[in-house]
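[1] my questions concern the predicted model and sequence given below.
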Amino acid sequence: MLRLEKLVKTYKTGDQALKAVDLDIPEGQVLALIGPSGAGKSTLIRCINRLVEPTTGKVWLDGTELTGLSSSGLRRERRRMGMIFQEYALVERLSVMENVLSGRLGYVGFWRSFLRRYPQSDVDEAFRLLDRVGLAHMADKRADELSGGQRQRVGICRALIQNPAVLLVDEPTASLDPKTSRQIMRLICELCRERGLAAIINIHDVALAQMFVQRVIGLRFGAVEFDGPPEGLTPEVLTTIYGEEDWEATIAPVDEDEETAVEAAE
Amino acid sequence: MSAPSTAAPLPIGQPWRKPPFIKRPWLRWTLIIGFIAYLIAAFLTIDVNWSRVYDGLERGKQFVLAFTSPDFTSRSGDIWEGMIESIVMTVAASVVGIAISIPIALGAARNVAPLPIYLICRSIIAVSRALQEIIVAILLVAIFGFGPLAGFLTLSFATIGFLSKLLAEDIESMDRVQAEAIKASGAKWTQWINYGVQPQVMPRLIGLSIYRVDINFRESAILGLVGAGGIGATLNTAFDRYEYDTAAAILISIIVIVMALEYLSGVIRARVQ
C-alpha cells in the first residue's frame, strides 16, 4: 500500500541521510523504525509526506506516486497521511478543538477554516475522537494547558481526523514518562487496528517497539540493516544496528513487559 | 586515567587574572590613551558662548516656570483642534501602516517567503527605515502641501519599516514544528499561515501595534514642526509667539495622552499573552 523505491536524501551539507531505501508496507501493518540518532529515521518519515524533499527515488501510496506531485496534488495526498510528532507539535496558542480540527484543513476552504465554521460532521468526529482518547472535556482548553500525555493524545486525534490511510509517527514517546509512553503506544496501535491503518512508528525505545509492533525495520547510516519480526531483534542484530553494547539488559525485561502488556490489554 | 605527563605543572599558589580583551600590551595602552586624548580634544572643540548662555538662562527659566501656570484656556480652540488632528492622524496612519506591514512582514520572513519576495520585502523595509520621519515629512509636505495628509502618509510609511521588520523577525524565530504539523495535514498556504504561524506571532503583533500607536502619536507632535499638521503645528505656533504657558499646556496634554496609551498597552499586552 505504501512503497518506497530507492529513496535517497542528500542534504545540502553533503550528508547522505538516506541511501536508496526500499520498503513495502502492506495495508494495516504497524511497523517500527529503529536506529541510532542520525540514522535517517525522521528524514525517512518526512520524505514520505515531503516535509523533506527526497533527492531521488519514488514513493507510492495506493498507486499514486508522491515525489512527482504538484503542490495541489501533494496537498490532496497529504490528507491521507496523518502525522504524529515528537514533542507533540500542537499549535500552543490554539484550543484543543482548533488543533484537532486543523487536521481537516486539507478538506475545507480557507474562509471556513479562517472563521472556524467547520462542517457539523467534522465537529462531531472531533468530539468522538477526543472522547475516544478521554479528552472530550478539554475541548476548549488551550493546548499549552495540557500535560505531555494529553497533548500527544490531541496530536493523535489531529492525525486521525484527516481520515488517513497511513500514520507517520515520529518519536511519539520521546518526551513522555515510561507509563505514559506505553499508554500512548498502546493507543496508537489500538487505533490503527480499529481503523485498519498502516503506520510507521519511528522510535528510540527498542523494548517499547517490541511490545507493540508486528514488524521492525532497523536503520543504520541511512540504509536498512534489519527487517523482520520483533522477536528477531537479538543482541547480534542490535549490535549491527547500534554498535557494540551489552544488549541483554535491553531485551531481557521486554518479555516481562510483554506479559504485563497482554494482561493489561485483556 | 592520569593527566598527560607533557602538560605544564599546575600554577598552584600563583594569582589568577582574567586575560585582557586585547592581548598585546602596547596596542591596549595605545588604544586607551588615544581614546582619552580624543575625548579631551573633542570637549575642547565645543565652543560655548557663556554670555549667550547667561541670557538664555532667563528664557529657560520662563519656560520652566510656565509649567507651573499652564494656560489651557486662551488658545483652547487651537489646542483642541490640534489634538483631534493628531489623534486622527495617529489612528489612521497606524491602521493603514499595520495593514500594509503584515503582508510585508510575511514576505520578509525567510522561513515563509521564497527568496525573490523576501528580497523585495526586505528592500521595502530597508528604504522605510533608512529615511527618517522628519525627512519624509519634509518631502511629503513639499508634494502634498501643509496639513495632516502629509503627516498621515509619513507615519504610515514609518510604521511599515518598524512593524514589518520586527514582526518578520518574530516569524523567523517561531517554532518550526508547529507550523510543519499544520502543513502535514494538507493545508493550503493561507491556512498554514492562519493556523501555523499567526497564533505564534499574535501576541507580538498586538504588542508591537500598540507600541507603534504610541510612537505615532509622539511623532505626530514632532511632524507639526515641519508643517505636517497635528498638535505639533499648534506647539510650533505657541513657541513662535513666545507663549510658553500655552506651550506648556500642549506639552502636558501630550504627556498625559502618551502615559494613558502606555498604561493601556500594558493592560492589553498582559491580556493577550
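    Thanks, I have it.

[2] show me what the one helix or strand residue B:271 maps to is packed up against.
    Counting by DSSP states H and E, the secondary-structure element that holds residue B:271 is helix B:244-272. Applying 3 or more Cβ pairs under 8 Å, 6 or more residues apart in numbering or on different chains; DSSP states H and E, one finds that helix B:244-272 contacts helix B:50-66, helix B:76-107, helix B:198-223, helix B:231-240. C-beta here means a position set from N, CA and C on the backbone, and glycine is covered the same way.

[3] among these, which is nearest chain A?
    helix B:198-223 (4.0 Å; Cβ to the nearest Cβ).

[4] close to chain A, is the closest one?
    Yes. Applying Cβ under 8 Å from any Cβ of the partner chain, one finds helix B:198-223 in contact with chain A at B:199, B:200, B:202, B:203.

[5] and the angle for that helix with helix B:231-240?
    Here the directions of helix B:198-223 and helix B:231-240 differ by 30 degrees (axes from the mean of the first three to the mean of the last three Cα atoms, to 10 degrees).

[6] show me what counts as buried in helix B:198-223.
    B:198-201, B:204-217, B:219-223 (16 or more other Cβ atoms under 10 Å in any protein chain shown).

[7] tally of neighbours for residue A:93?
    18 (other Cβ atoms under 10 Å in any protein chain shown).

[8] next secondary structure after the helix or strand hosting residue B:166?
    Per DSSP H and E: residue B:166 is located in helix B:148-172. Counting by DSSP H and E, the next helix or strand C-terminal to helix B:148-172 is helix B:176-184.

[9] ok, and what's touching that next one?
    A:49, A:51, A:78, A:81, A:83, A:85-87, A:89-92, A:102, A:105, A:155, A:158, A:168, B:111, B:191-192, B:195-197, B:200 (Cβ atoms under 8 Å, 6 or more residues apart in numbering or on different chains).

[10] what does stretch B:242-262 give?
    B:62-63, B:66-67, B:69-72, B:74-75, B:79, B:82-83, B:210, B:213-214, B:217-218, B:221, B:231, B:234-235, B:238-239.

[11] do stretch A:100-117 as well
    Against stretch A:100-117 from outside (Cβ under 8 Å, 6+ apart): A:75-76, A:78-79, A:82, A:91, A:94, A:98, A:118-119, A:122-123, A:126, A:129-130, A:154, A:157-162, B:181-182, B:185-188, B:190-192, B:194-195.

[12] now with 7 Å?
    For stretch A:100-117, contacts defined as Cβ atoms under 7 Å, 6 or more residues apart in numbering or on different chains pick out A:75, A:78-79, A:91, A:98, A:118, A:122, A:126, A:129-130, A:154, A:157-159, A:161-162, B:182, B:185-188, B:190-191, B:194-195.

[13] then stretch A:122-137?
    Under Cβ under 7 Å, 6+ apart, the answer for stretch A:122-137 is A:96-97, A:100-101, A:104, A:139, A:150, A:153-154, A:156-157, A:160-161, A:187.

[14] neighbours around the residue in chain B positioned nearest to chain A, how many?
    Residue of chain B nearest chain A, by Cβ to the nearest Cβ: residue B:186 (2.6 Å). As a burial measure, residue B:186 scores 25 neighbours (other Cβ under 10 Å).

[15] show the contacting residues for it.
    Counted by Cβ under 7 Å, 6+ apart, residue B:186 has contacts A:75, A:76, A:78, A:79, A:105, A:106.

[16] give the contact list for the second one.
    If you count contacts by Cβ under 7 Å, 6+ apart, residue A:76 has them with residue B:186.

[17] secondary structure of it: a helix, I assume?
    Yes. Under DSSP: H, G, I helix; E, B strand; the rest coil, residue A:76 falls within a helix.

[18] from residue B:29, how far out is it?
    Distance of residue A:76 to residue B:29, given as Cβ to Cβ, to the nearest Å: 71 Å.

[19] what's the neighbour count on residue A:124?
    So residue A:124, with other Cβ under 10 Å, has 11 neighbours.

[20] list phi and psi for it.
    The phi and psi values for residue A:124, taken as degrees, to the nearest 10, are phi -60, psi -50.

[21] which parts of stretch A:239-247 are buried?
    A:241, A:242, A:247.

[22] for stretch A:220-233, that is, sorry about that
    So, applying 16+ other Cβ under 10 Å, buried residues of stretch A:220-233: A:220, A:222, A:224, A:225, A:226, A:230, A:233.

[23] same thing with stretch B:79-98?
    B:79, B:82-83, B:85-86, B:88-90, B:92-94, B:96-98.

[24] the residue of the stretch 1-150 of chain A found nearest chain B in helix, strand or coil?
    With Cβ to the nearest Cβ, the shortest gap between the stretch 1-150 of chain A and chain B falls at residue A:106, namely 2.6 Å. Assigned by three-state DSSP, the conformation of residue A:106 is coil.

[25] for it, which non-adjacent residue is closest in space?
    residue B:186 (2.6 Å; Cβ to Cβ, 6 or more residues apart in numbering or on different chains).

[26] residue A:36 now?
    Spatial nearest neighbour of residue A:36, chain neighbours left out: residue A:242 (5.2 Å); criterion: Cβ to Cβ, 6+ apart.

[27] and the one you found, its phi and psi?
    phi -100, psi -20.

[28] now the one 3 residues further on
    Dihedral angles of residue A:245 (phi, psi; degrees, to the nearest 10) stand at phi -170, psi 160.

[29] now it: how far from chain B?
    21 Å (Cβ to the nearest Cβ, to the nearest Å).

[30] on that earlier part again, the contacts of stretch A:100-117 in strands, which ones?
    Per DSSP state E, strands hold no members of the contacts of stretch A:100-117.

[31] of those residues, buried ones?
    A:75, A:78-79, A:91, A:98, A:118, A:122, A:126, A:129-130, A:154, A:157-159, A:161-162, B:182, B:185-188, B:191, B:194-195.

[32] packing partners for the helix holding residue B:166?
    Using 3 or more Cβ pairs under 7 Å, 6 or more residues apart in numbering or on different chains; DSSP states H and E, the elements in contact with helix B:148-172 are helix B:76-107, helix B:115-130, helix B:133-144, helix B:198-223.

[33] quick one, the shortest one and helix B:148-172 angle?
    Spelled out, that is helix B:133-144. Counting by the same axes, to 10 degrees, helix B:133-144 lies at 130 degrees to helix B:148-172.

[34] buried stuff in helix B:133-144?
    B:133, B:136, B:137, B:138, B:140, B:141, B:144.

[35] point out where the stretch 151-266 of chain A drops to low pLDDT.
    Applying pLDDT under 70 to the stretch 151-266 of chain A flags the ranges A:249-266.

[36] interface residues of it facing chain B?
    residue A:162 (Cβ under 7 Å from any Cβ of the partner chain).

[37] 8 Å - rerun?
    Counting by Cβ under 8 Å from any Cβ, the residues of the stretch 151-266 of chain A near chain B are A:155, A:158, A:162, A:168.
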